[in-house]
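Chemist: pasting the structure only:
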């Protein structure tokens, strides 16, 4: 069974591409629940895909899921997104 998020420690998570996005070189990540909060994910995504490579970020809510679509500028960036997850530090949530 495949998963798109892996706990590394109490301090970070790996967020993998869930599926292809709506644009030619876009990818969708699932940040639902405890995987990551959108602001932390956005910050890390901008480090991985700085302006010029990452052309846009959109949040979608789909059947109780929080999905983030990142539009990339090239096939090379798109391929790298599938190869390398985004490492997101844990948030300070109270449970």
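Modeler: The structure has been received and is ready for your questions. What you are looking at is a predicted structure, and each value in this text was computed from that prediction instead of being measured. Residues are numbered from 1 along each chain as shown.
Chemist: go ahead and flag the most central residue of this protein.
Modeler: residue 29 (4.0 Å; C-alpha atoms, centre = their mean).
Chemist: now the helices for this structure?
Modeler: 38-48, 75-83 (DSSP state H).
Chemist: could you dump these into CSV and include distance to residue 22, mean pLDDT and mean neighbour count?
Modeler: No exception for glycine: its C-beta is placed from N, CA and C like everyone else's. As requested, those are exported to CSV (distance: least, C-beta to C-beta, whole Å; pLDDT from 0 to 100; neighbours: other C-beta atoms under 10 Å):
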stretch, distance to residue 22, mean pLDDT, mean neighbour count
helix 38-48, 17, 90, 16
helix 75-83, 13, 96, 14
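Chemist: quick one: low-confidence parts of this protein?
Modeler: 1-11, 34, 91-95 (pLDDT under 70).
Chemist: which residue ranges form the strands in it?
Modeler: Counting by DSSP state E, the chain has strands at residues 5-7, 12-15, 17-20, 26-30, 54-62, 65-72, 86-89.
Chemist: JSON lines please, covering those strands and showing distance to residue 40.
Modeler: Shown next, in JSON lines, are those (distance: least, C-beta to C-beta, whole Å):
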{"stretch": "strand 5-7", "distance to residue 40": "13"}
{"stretch": "strand 12-15", "distance to residue 40": "9"}
{"stretch": "strand 17-20", "distance to residue 40": "17"}
{"stretch": "strand 26-30", "distance to residue 40": "12"}
{"stretch": "strand 54-62", "distance to residue 40": "13"}
{"stretch": "strand 65-72", "distance to residue 40": "11"}
{"stretch": "strand 86-89", "distance to residue 40": "5"}
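Chemist: deepest-packed of these, please.
Modeler: strand 26-30 (a mean of 22; mean count of other C-beta atoms under 10 Å).
Chemist: identify the neighbouring strands of it in the sheet and state each direction.
Modeler: strand 17-20 (antiparallel), strand 65-72 (antiparallel) (DSSP bridges).
Chemist: many thanks, have a good one.
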